[in-house]
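Participant: return atomic coordinates for the entry below.
(chains A and B)
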Amino acid sequence: MKKDEQDNRSIQNGPVRLKGVGDSLCVTLDPALPVDDLQKELSFLFKRCATLAVNAKVVLDTGEKEGYEELIEVLGAFLKSTFGVGSVSAMLKKKRSPDPDEKRSPDPDEDIRKRDVEGSWHHYRSEVLMLMGRVRSGQKVTAENHLLILGDVNPGAEVWAGGDILIMGSLRGTAVAGQPENENAIVLALDFQPTQIQIGGIVGAGLPPSSKKQVEFAHVENDTIVVEAYLEANTFGRMPWLQVR
Amino acid sequence: MDGRIIVITSGKGGVGKTTATASIGAALALEGRRVAVVDMDIGLRNLDVVMGLENRIVFNVVDAVKGKCKLKQASIKDRRIENLYLIPASQSDNKNVLSPEEMVSFGEILRKEFDFVLMDCPAGIERGFENSVASADEAVVICAPEVSSVRDADRVIGLLYAKSITPKLVINRIIPEMVERGDMLNHIDVVDVLSIELIGLVPMDDQVIIATNTGNPLVLQKKSKAGEAFRRIALRLNGMTDLPIEVPQAEGHFWRKIGTKLGLGK
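Facilitator: Down below sits the predicted model:
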């Protein structure tokens, strides 16, 4: 009994997770781990559902980062030979399109229904760096993807992210989002008074200070940085369905 | 019991570190504690002039740290105030002659001899800062109500936290009339950005310049508002933590304040 509980815990929190989705098995795994470890974890999971695995469709989800085709191939071959699964494929990834219109405009109707039913974020491994505290002058915070700070960013400090930057407090320093070239990224702060904003390759220096006490965010429109009141613009609230950012 | 080593720092120059060190040191000594003030601005010594002790210097802090003299020989007794000692900087060396490791062991010697050791840190965040902070248990950050000073103080606070020292804040050179007109940063805004414990607000005071030039302790001058503020800071450091912080007021503000309280508006 006790051992079972332990096993369950390791399944929930382990580096490899298995879930049935429709007619296939979805496996979420951490691609940063060595192949041997992943194989060990996979055998542990698949041994417990050996009868289900035969001829099953398996989808491998390696998170948002790309470039793990080789790993998926290796693991696929391993699963096919050891457990006789039917097919192994990679999770379909959301494309990062450089054109903002393409992302925000609705796809055809059937696509909407499909996405809603699928709930694609269920197997999504979040890659947000969430910090709390105060970023002081001279400090630089770097996040590979999105950056969320509960606290303030002081003048002279710099926050840098591959994706969006969300500051739950005052932003008075420099914010550099969407590096190196994601111009869809946004910079949002509850109290928006940055020294400088950079999104992708576009720099917004000398932004006029706003005295309005409201949540504002910066995004790129026609190659310039535009700052808008977040609740008024409600860009994301107007999106027709939920999706992973 | 071992003494406390407090570093007085600011990042930016000219905000009043040396004045603060001399004044707080004198006020603590007047409270009956054995106090040493150490000038760590090696190569640009000032603290001896501010305290009016420049003609008594024989040995300095570099000699004491390097073991060329005893601590007793390097510490100069103040002319007026009992229990106050100055360890002056060397004027001929530069900051690189000392290392943080040497300062840590020197700190151990100082701690045994004195109740309070105040380190007058040089401006900047280089070797001189490293040396001053190395042996410190506590830090007092002096900040003027100017954007540039706040920026530098913020940087220094970050560096102090990195050395696991929780700094306390003194806002110096406040001109209440300018604050009232909105031409000077309000102390509330400064505390808002720096978000550390405030232990004192010191107004701009002509007496500071007079005291500095004559080498007389500021805290001995009863008329000096800045001297009074530094005395209260010293009391707070000496354990009276519940002593309220007085906000510098413009002349004539008193009657207006009473007017507001009575509901006469602004």
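Participant: can you pull the contacts of residue 177?
Facilitator: If you meant another chain, say so; for now it's chain A. Contact analysis of residue A:177 by Cβ atoms under 8 Å, 6 or more residues apart in numbering or on different chains lists A:147, A:161, A:163-165, A:185-187, A:197-200. For every residue, glycine as well, the C-beta is placed using N, CA and C.
Participant: my bad, the chain I had in mind was chain B
Facilitator: Contacts of residue B:177 by Cβ under 8 Å, 6+ apart are B:250-251.
Participant: what about the helices in the stretch 151-266 of chain B?
Facilitator: Here the stretch 151-266 of chain B has its helices, by DSSP state H, counting those that start in this stretch, at B:176-181, B:187-194, B:206-214, B:225-237, B:253-261.
Participant: before we move on, what about chain A?
Facilitator: Assigned by DSSP state H, the helices in chain A fall at A:2-13, A:35-48, A:50-53, A:69-83, A:100-104, A:109-118, A:230-233.
Participant: looking at the longest one now, give me its mean pLDDT.
Facilitator: I take that to be helix A:69-83. For helix A:69-83, mean pLDDT is 82.
Participant: same question, the third one
Facilitator: Mean per-residue pLDDT for helix A:50-53: 77.
Participant: okay, it in CSV with CA atoms only?
Facilitator: This file holds the C-alpha atoms of helix A:50-53, laid out as CSV (Å, rounded to 0.1, in the frame of the first residue of the first chain):
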residue,chain,number,x,y,z
ALA,A,50,1.8,-2.9,-21.2
THR,A,51,-1.5,-4.2,-22.6
LEU,A,52,-2.6,-0.7,-23.5
ALA,A,53,0.7,0.2,-25.1
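Participant: low-confidence regions, chain A specifically.
Facilitator: Under the criterion pLDDT under 70, the flagged ranges of chain A are A:1-14, A:64-65, A:92-123, A:209-212.
Participant: if we go to 80?
Facilitator: A:1-15, A:17-24, A:31-32, A:48-55, A:61-69, A:86, A:89-126, A:205-213, A:240-241, A:243 (pLDDT under 80).
Participant: near chain B, which residues of it?
Facilitator: Applying Cβ under 8 Å from any Cβ of the partner chain, we find that chain A lies next to chain B at A:134, A:136-139, A:152, A:154-157, A:172.
Participant: what is the most widely separated pair among the residues you listed?
Facilitator: Largest separation among the residues of chain A next to chain B by Cβ to Cβ: A:138 and A:152, giving 14.7 Å.
Participant: the two: which is more packed in?
Facilitator: Set residue A:138 next to residue A:152 and count neighbours by other Cβ atoms under 10 Å in any protein chain shown: residue A:152 wins out with 23 against 20.
Participant: ok, the more buried one - contacts?
Facilitator: A:134-135, A:167, A:169-172, B:193, B:195.
Participant: dump those into TSV; add distance to residue A:57 as well.
Facilitator: What follows is the contacts of residue A:152, written out as TSV (distance: Cβ to Cβ, whole Å):
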residue	distance to residue A:57
A:134	49
A:135	46
A:167	43
A:169	46
A:170	50
A:171	46
A:172	52
B:193	56
B:195	54
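Participant: got a winner among these for most neighbours?
Facilitator: If you count neighbours using other Cβ under 10 Å, the busiest of the contacts of residue A:152 is residue A:171, which has 30 neighbours.
Participant: and the residue lying closest to that residue once chain neighbours are set aside, how many neighbours?
Facilitator: In this structure, residue A:171 finds its nearest non-sequential neighbour in residue A:189, 3.6 Å apart by Cβ to Cβ, 6 or more residues apart in numbering or on different chains. Neighbourhood size, residue A:189 [other Cβ under 10 Å]: 24.
Participant: contacting residues around residue A:189?
Facilitator: Contacts of residue A:189 (Cβ under 8 Å, 6+ apart): A:153, A:166-167, A:169-171, A:175, A:215-217.
Participant: just these: which are in strands?
Facilitator: A:166-167, A:169-171, A:175, A:216-217 (DSSP state E).
Participant: of those residues, which is the nearest to chain B?
Facilitator: Set against chain B, the nearest of the ones in strands among the contacts of residue A:189 by Cβ to the nearest Cβ is residue A:170 (8.4 Å).
Participant: so that closest one makes contact with residue A:191?
Facilitator: Yes. Applying Cβ atoms under 8 Å, one finds residue A:170 in contact with residue A:191, separated by 4.0 Å.
Participant: flag every residue of the stretch 151-266 of chain B that's near chain A.
Facilitator: Close to chain A, as judged by Cβ under 8 Å from any Cβ, the stretch 151-266 of chain B has residues B:151-152, B:154-155, B:157-159, B:161, B:193, B:195.
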